[in-house]
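Novice: Sequence and predicted structure, then a few things I'm wondering about:
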Amino acid sequence: MKVIILCGGKGTRLREETDVRPKPLVQIGNRPILWHIMKIYAHYGYKDFILSLGYKGNMIKEYFLNYEVMNNNCTIQLGIHNKIQFHGNHEEENWNVTLVDTGGDAQTGARIKRVEEHIDGDSFMVTYGDGVGNIDIKKLVKFHESYGKIGTVTGVHPSSRFGDLIIKDNVVKKFHEKAQVGEGLINGGFFVFNKAFLKYLKEEDDCILEKGPLEKLTSEGQLTSYVHDDFWQCVDTYRELELLNSLWRSSRIPWKVW
């Protein structure tokens, strides 16, 4: 099953970092938050990634193009092209990473639609490139399959500024994006969709995943919520980045499932 990670936003509320790099490359410890997200999925056996790029997307391409050299010791023979001998191995074996430029101004729904040609199989996963959690991805997938609905969103509990979910019997009844004051569950990303969901999306820049498509899915009773009661945190502000870095430096790293 492919895992689409939305990496194209400009991260305007984190300008201290995003003026010089895309938000998915903002570091927790000495690794980009994107790496942490991918490690969560890979731990559960999902290693086939599609990165939907936009703002400063070339920096993400460069990160992966240089990954082997930057994460292994190596011997380079000068004067002979591509003559590099690597010593040892890093832990990220068998990751397949497809890097797709989906435009500088596209919204989240358009970014998914524009990678459609790279999606095979009957279902796929989607998450944001700025949030981590100790979510059991295998349980999430089994939950999605057990309900037979088109989509599943992971509902989380932090006090925050994101999409409120109202749920009855694990089916989403109302989806309000970015409510100013909210209680209870919010949209934590970590979606699972059947391929039929692609018909709800369009390639135009203004297609926002969290508005028309998810609202329509909700009105049809086709969106379930997998409730995650444990740790989840996004990086939307510098304070939140500092929080995750302080946890990384401590003995308590709640999202480190690998």
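Specialist: Nice, I can see it.

Novice: in this structure, what spans have low per-residue confidence?
Specialist: 159-167, 172, 175-183 (pLDDT under 70).

Novice: would you list every one of the helices in the stretch 151-258 of the chain?
Specialist: Counting by DSSP state H, counting those that start in this stretch, the stretch 151-258 of the chain has helices at residues 212-219, 238-249.

Novice: by contact count, what packs against the first one?
Specialist: Helices and strands touching helix 212-219, as assessed by 3 or more CB pairs under 8 Å, 6 or more residues apart in numbering; DSSP states H and E, comprise strand 151-156, strand 171-176. Every residue, glycine included, has its C-beta placed from N, CA and C.

Novice: Recalculate using a threshold of 6 Å.
Specialist: Helix 212-219 sits against strand 171-176, with contacts defined as 3 or more CB pairs under 6 Å, 6 or more residues apart in numbering; DSSP states H and E.

Novice: Over to the last one?
Specialist: Contacting helix 238-249 under the criterion 3+ CB pairs under 6 Å, 6+ apart are the following elements: strand 27-28.

Novice: Check the offset of the strand it packs on from the chain's centre.
Specialist: In terms of CA atoms, centre = their mean, to the nearest Å, the centre of strand 27-28 is found 15 Å from the chain centre.

Novice: And that strand, what does it pack against?
Specialist: Right, strand 27-28 is packed against helix 238-249 by 3+ CB pairs under 6 Å, 6+ apart.

Novice: So which residues make contact with the helix it packs on?
Specialist: Glu16, Ile28, Gly29, Val235, Ile253 (CB atoms under 6 Å, 6 or more residues apart in numbering).

Novice: before we move on, the earlier item: what's the closest of the helices of the stretch 151-258 of the chain to Thr154?
Specialist: Judged by CB to CB, the one of the helices of the stretch 151-258 of the chain that comes nearest to Thr154 is helix 212-219, at 12.8 Å.

Novice: and that closest one, which residues are buried?
Specialist: Neighbour counts using 16 or more other CB atoms under 10 Å place Pro213, Leu214, Glu215, Leu217, Thr218 of helix 212-219 among the buried residues.

Novice: Same check on stretch 238-257?
Specialist: Those would be Glu240, Leu241, Leu244, Leu247, Trp248, Ile253, Trp255, Val257, for stretch 238-257 by 16+ other CB under 10 Å.
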